[in-house]
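J.: Next comes the sequence, and after it the predicted model I'd like to discuss.
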Amino acid sequence: MIWEVFRQEKQGDYHTHCGNVHAPDREMAKQFAAIQHGRRKPTNSLWVVPKEEVGETDADDVAFGGTTDKAYRWATAYNPDVDHAEEVVESEGQQAEAEKQRGDA
Amino acid sequence: MSATLESPADLDDEEREALETLLKRLGDDEYVLAERYTEWQVKAPTLESDLALANNAQDELGHARLWYDVLEDLGYEEHELVYEREADEWRHSTLVERPFAEGDWADAVLRHYLYDVAEDIRLDALEGSSYAKIADRVGKIRSEEEYHLEHASNWVERLANGDEGAERLQDAVDRLFPHALTLFEPCAPATGAGDASGDEDVEETIVSAGFRDATLEEMREGWLSTVVPFLDDLGLETPASELVHFDEYEFDVTEDVLPDAVGRDGSHTDAWDDLREEFTHTYRELERSEATKIMDKPE
Amino acid sequence: MDLDTVKERAGPREFDPADDLPEEYRKAATRMIEFHANSEIMGAYLERPFIRQAPSIDRKLAFSAKVQDEIGHGQLLYRAAESLGVKTREEMLDDLANGDGKFLNCFHYPMEDWVETPMIAFFVDGAAMRRQATLRRTSWEPYAHAMDKVCFEEGFHVKHGEDILRTLMTGSRKEQKLTQEAFEKWWPRIIQFFGPTDDRSTHHDFASAVGLKQQSNDELRQAFLDQYIPKARKYGLEIPDEPRIRERDDGTYEVVEDDLDWDEFFTIAKNEYEPGVGQIDGRKKAQEAVEWVRDTLESNDMPAGNQPPQAAD
């Protein structure tokens, strides 16, 4: 049985997918994952999930984020020439970055 | 046919009228349906389904925006089309204007399904449009509509699986099927006053000028042959009758199933006046004379 | 883990569902995150009529997207609250429907006209964003993660709200006058967004001691006023005479708190303010009307290959 492994580097971070292990059950999967995926890279926590329970939908199935203009849902579409509170500026920066990544994809 | 017509200057008067009629038919359907979908925001069965329906509402509104933008080439502006047009100058099918009873999710997903199958067939017939801007926009719209159709079919199947869901779906079929048939009724010319019967001439020009490569009758047949067996498999009865014709199944519906108001000719149900009153409220109240744009003009 | 250890360790994103946390922490965190989640839902409920009433297609799209985002934030936050193991999402939504769930003061007031929309979409959202930015350092990790996404999305809300305000205040005289009136009505409520001063706040000390809350009401109110009073003036809004606001020598502002109606505030906090009760009941009706759909989904035999997973041990 195959288990997908998600690693969190340090407390407060997100668990992100880092690989998988073959194991007969959850206990063994955790033990194997600790060595296979946690022995070298900094690790605070690991999740193991049975591969067969993972559902997938990909860009062939769905046009993620749509194909028509959705500029209205991005901060970058509004009032570029005004000063904003720092938290608004930070959010807009993140959105600009995400928009750029979408464009590059 | 490849897209050879780049601008209204390439068209004669009759063709211009046909193009305008077709675009109103397309834009008005999407706009009014989106208005109805947004009623489910904050009222859908779960938080997740709320997000999904809101997405579809925005997609439809975005499609309306694209079709209305082509109408701008014919001299219209958004505020004239959406906020200042008289009720009987709208050309949408009555399917999209019907109100929802509170909590009637079966109505929402069935309407979604009936519309999206028709939309799929219609976009298919527009893909090779002779009018360049129409052909260009179909692709973008289509990939969003694919999600809608799957979403709607999934919901209809799940609801049909439960007793209460099946009963409510059957009620919705009984109520909505006649209105869905108006999707394939001929439009009165966009500029003329609504007369009771629509206008076959305008519809003929839409096809002969190559704006759309299927007739209403052909699209209606395609729609019936998809929708009726799908609903039938789920145990839902429709007013369509099945004809066996050289080993092929065809479906037909008698004329008397059509509702009194068919939308396409400018006749609408009372619900339409209330809806229009609401969405034009702020514009009228603030005595606006234009519609605020946030996004750039579509390419 | 005992409470003293929690207080000792209480840093940003310090605790997660794998930690054995004392009941006091779990209950306080649930109360705080549930309040936040409920506020997203009731804010969305208040704003939803303006999707329809928006005076252009682009504005309508933006309003729909904003209301959609808020429901999405509710989804994230209920999950962050649920992961504390005290209440399920269903229990929290039911409590919100039956009037036991608490939410922000501003969302208990009715909103009737388009000119009122920037009062929520610019000022209240601006205030909320100030607060949420600090909560990315809360000690409950799932809450902090929810805040990452909320803050990412929220910049659009505030900027859209500001754009509506700008359009109104550069519009006709009538629009400007109506907008000023709406501002006068909402301004005291907006200042009360941050709650009573620290010395009168009931839950502050504990939430702060265990790292759930990262800044006090007073600090947040201060930061908000310093940022948004100049903004209001920039667009030509006049700050009402009451509550009295004194400008200090360093350019920061101080509110005379006694000028605010705290009786009304605490009536609202108990879910007893009349228009708010109507809004709670309106949402309850909507939630009950689709109960049958949730029941159908739960009792459904899914098509083959689509069953929910069995325990995989």
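T.: That came through, no problem.
J.: what residue is smack in the middle of chain A?
T.: Centroid-nearest residue in chain A: A:Thr16, 6.1 Å away (criterion: CA atoms, centre = their mean).
J.: show me what contacts residue 24?
T.: Using chain A here. A:Met1 (CB atoms under 8 Å, 6 or more residues apart in numbering or on different chains). Quick note: C-beta positions are derived from backbone N, CA and C, even for glycine.
J.: Chain C is the one I meant
T.: Counted by CB under 8 Å, 6+ apart, C:Glu24 has contacts C:3, C:206.
J.: Assign it to helix, strand or coil.
T.: Under DSSP: H, G, I helix; E, B strand; the rest coil, the three-state class of C:Glu24 is helix.
J.: Roughly how far does it sit from C:Phe206?
T.: 7 Å (CB to CB, to the nearest Å).
J.: before we move on, what about C:Asp148?
T.: 25 Å.
J.: same check, this time on C:Phe123
T.: 29 Å.
J.: again, but for C:Lys159
T.: In terms of CB to CB, C:Lys159 sits 35 Å off from C:Phe206.
J.: Of those two, which one has the most company?
T.: Counted by other CB atoms under 10 Å in any protein chain shown, C:Lys159 and C:Phe206 do not tie: C:Lys159 has more neighbours, with 27 against 16.
J.: at contact distance from chain B, anything in the helix or strand containing the more buried one?
T.: Here C:Lys159 sits within helix C:141-169, counting by DSSP states H and E. Yes. Against chain B, helix C:141-169 shows contacts by CB under 8 Å from any CB of the partner chain at C:163, C:167.
J.: Apart from its neighbours in sequence, what residue is nearest the residue in the stretch 1-150 of chain B that chain C sits nearest to?
T.: Nearest residue of the stretch 1-150 of chain B to chain C, counting by CB to the nearest CB: B:Gly103, 2.5 Å away. Of all residues not flanking B:Gly103 in the chain, C:Ala289 sits nearest, at 2.5 Å (CB to CB, 6 or more residues apart in numbering or on different chains).
J.: what's near enough to touch the one you found?
T.: C:Ala289 touches B:43, B:102-103, counting by CB under 8 Å, 6+ apart.
J.: Among those, which one has the most neighbours?
T.: B:Lys43 (23 neighbours).
J.: Could you list the low-confidence segments of chain C?
T.: C:203, C:301-313 (pLDDT under 70).
J.: Name the residues of it found near chain A, please.
T.: Residues of chain C that fall close to chain A, judged by CB under 8 Å from any CB: C:12-14, C:16, C:18, C:58, C:61-62, C:65, C:69, C:126, C:129-130, C:132-133, C:141, C:144-145, C:151-156, C:158-160, C:162-163, C:166, C:227-228, C:309, C:312-313.
J.: what secondary structure does A:Glu4 sit in?
T.: A:Glu4 - assigned by three-state DSSP - is strand.
J.: pretty sure it contacts A:Val49?
T.: Yes. Counting by CB atoms under 8 Å, A:Glu4 touches A:Val49, with 4.9 Å between them.
J.: from the middle of its chain, how far away would the top helix by length along chain A be?
T.: The helix spanning the most residues in chain A, taking DSSP state H as the definition, is helix A:86-104. Its chain's C-alpha centre and that of helix A:86-104 lie 16 Å apart, by CA atoms, centre = their mean, to the nearest Å.
J.: try stretch B:32-49
T.: For stretch B:32-49, the distance to the chain centre is 17 Å (CA atoms, centre = their mean).
J.: related to what we said a few turns ago, what's near enough to touch the residue of the stretch 1-150 of chain B closest to chain C?
T.: C:286, C:288-292.
J.: Same question for C:His157.
T.: The contact partners of C:His157, taken as CB under 8 Å, 6+ apart, are C:66, C:69, C:121, C:125, C:129.
J.: swap in C:Ser139?
T.: C:10-15, C:210-212.
J.: switch to 10 Å and redo it
T.: Listed by CB atoms under 10 Å, 6 or more residues apart in numbering or on different chains, the contact partners of C:Ser139 are A:12, C:6-7, C:9-16, C:21, C:25, C:29, C:207, C:210-214.
J.: what do you get for C:Glu91?
T.: So C:Glu91 contacts C:34, C:78, C:82, C:100-101 (CB under 10 Å, 6+ apart).
J.: Run the chain-centre distance for whichever strand or helix holds it.
T.: Here C:Glu91 sits within helix C:89-97, counting by DSSP H and E. With CA atoms, centre = their mean as the basis, helix C:89-97 stands 16 Å off its chain's centre.
J.: Same check on stretch B:163-171?
T.: 24 Å.
J.: Alpha carbons of that stretch, in CSV - could you do that?
T.: Only the C-alpha atoms of stretch B:163-171 are listed here, as CSV (Å, rounded to 0.1, in the frame of the first residue of the first chain):
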residue,chain,number,x,y,z
ASP,B,163,-37.1,10.7,-2.0
GLU,B,164,-37.5,14.4,-1.2
GLY,B,165,-35.0,15.4,-3.8
ALA,B,166,-36.7,13.3,-6.5
GLU,B,167,-40.1,14.8,-5.7
ARG,B,168,-38.8,18.3,-5.7
LEU,B,169,-36.9,17.7,-9.0
GLN,B,170,-40.1,16.4,-10.6
ASP,B,171,-41.9,19.6,-9.5
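J.: Would you map the strands across the stretch 51-200 of chain B?
T.: Secondary structure of the stretch 51-200 of chain B (DSSP state E, counting those that start in this stretch): no strands present.
J.: interface residues of it facing chain C?
T.: B:51-55, B:57-59, B:61-62, B:64-65, B:68-69, B:78-79, B:81-83, B:101-106, B:108-109, B:154-155, B:157-166, B:168 (CB under 10 Å from any CB of the partner chain).
J.: How about A:Gly38: what's its closest non-neighbour residue?
T.: A:Leu46 (5.8 Å).
J.: which SS state does that neighbour fall under?
T.: In three-state terms, and counting by three-state DSSP, A:Leu46 is strand.
J.: so it touches A:Ala34, yeah?
T.: Yes. Contact criterion CB atoms under 10 Å: A:Leu46 and A:Ala34 qualify, at 6.5 Å.
J.: Just list the residues touching C:Glu49, thanks.
T.: If you look again at residue C:49, you'll see it is Pro, not Glu. Per CB under 10 Å, 6+ apart, neighbours of C:Pro49: B:38-39, B:278, B:281, C:63, C:111-112, C:114, C:117.
J.: on that earlier part again, any chance of the contacts of C:Glu91 in CSV, with secondary structure and neighbour count too?
T.: Putting the contacts of C:Glu91 into CSV (DSSP: H, G, I helix; E, B strand; the rest coil; neighbours: other CB atoms under 10 Å in any protein chain shown) gives the following:
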residue, secondary structure, neighbour count
C:Glu34, helix, 27
C:Tyr78, helix, 27
C:Glu82, helix, 21
C:Asp100, coil, 12
C:Gly101, coil, 21
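J.: ok, now how distant is A:Cys18 from chain B?
T.: For A:Cys18, the distance to chain B (CB to the nearest CB, to the nearest Å) stands at 28 Å.
J.: what about that residue, neighbour count?
T.: Neighbours around A:Cys18, by other CB under 10 Å: 18.
J.: Next one: the helix or strand bottoming out on mean pLDDT in chain A, is it in contact with chain C?
T.: Least confident helix or strand, chain A: helix A:86-104 with a mean of 85, by mean pLDDT, DSSP states H and E. Yes. Counting by CB under 10 Å from any CB, chain C has neighbours in helix A:86-104: A:86-98.
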